[in-house]
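[1] need a structure here:
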Amino acid sequence: MAQNILRLDASMRKTGSYSRELANKLIKQLIGKKQRKVTIRDLADGIPFIDENWIKANFTDLDERTAEQHKHLKASDLLVEELNDADLIIIGLPIYNFGVPAAFKAWIDQIVRAKLTFRYSDSGPIGLVNNKKAYIIIVSGGTKIGSELDFISNYIRHVLSFIGITDISFIDSSGVGRDETRILAHTNNLIERI
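    Now for the predicted structure:
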């Protein structure tokens with residue numbers, strides 16, 4: 001059975017990016033000889049930030065939205081569709097200034113939508129993006145995942161779980177310095193165990 005992969009590149013570096021290189025290796029490892037469709041969403045190409053018009057459109061019932069409101073949600077609708085179509089999600093994520101890149105946060109804001117990717121119930125929110133596996137490749141030269149300076153791994157786990165993605169694996173390439181050979185060897189060992 002063919003599986004669809006959604007690949008998100010959050011590095012703003014198009015060349016010389018460890019997270020992009022490691023995402024390439026992971027996809028190659030996962031695909032093997034299997035037939036897979038890979039959709040690439042390069043966040044360095046730009047993700048619109050939500051604004052007042054987006055918020056008004058998003059909180060207007062679908063059957064009451066104007067053509068202009070649909071236009072404000074067009075990019076978000078496409079990003080949610082990409083997410084829903086995927087069986088596997090691979091996110092190459094560098095740590096910038098102890099947090100996620102702004103474009104990744106913009107992607108999160110675009111895809112976390114009430115009634116579309118989660119809904120409220122009497123017992124709390126329920127994620128609607130189910131039966132997906134996510135691999136998060138975290139790259140940092142100095143911030144080690146699990147340390148007191150790690151502000152992103154719990155955040156990512158929470159946000160993805162909030163919308164229903166609970167099968168999450170982190171590939172930790174953080175805190176191994178700027179030695180390219182060491183970073184790639186470390187991550188290759190992790191990927192080969194998948």
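
[2] where does this protein have low pLDDT?
    1-2, 33, 175-194 (pLDDT under 70).

[3] How much space separates the residue lying farthest from the centre of it from L116?
    The C-alpha centroid of the chain is most remote from E64, which lies 30.3 Å away (CA atoms, centre = their mean). Going from E64 to L116 by CB to CB, to the nearest Å gives 15 Å. Just so you know, the C-beta spots here come from the backbone N, C-alpha and C atoms, and that holds for glycine as well.

[4] which residue is nearest the middle of the protein?
    Closest-to-mean residue, the chain, CA atoms, centre = their mean: I91 / 4.7 Å.

[5] So that one is in contact with Y135, correct?
    Yes: I91 is in contact with Y135 according to CB atoms under 8 Å; the separation is 7.2 Å.

[6] In three-state terms, label S173 for me.
    strand (DSSP: H, G, I helix; E, B strand; the rest coil).

[7] returning to what we had before: now do the residue farthest from the centre of the chain against A23, distance only.
    For E64 relative to A23 (CB to CB), the value is 40 Å.

[8] Enumerate the positions of the helix or strand containing D77 that are buried.
    Using DSSP states H and E, D77 sits within helix 74-85. Neighbour-count burial for helix 74-85, counted by 16 or more other CB atoms under 10 Å, picks out 75-76, 79-80, 82-84.

[9] Do you have the helices of this protein handy? List them.
    18-31, 52-58, 67-72, 74-85, 102-111, 153-162, 180-192 (DSSP state H).
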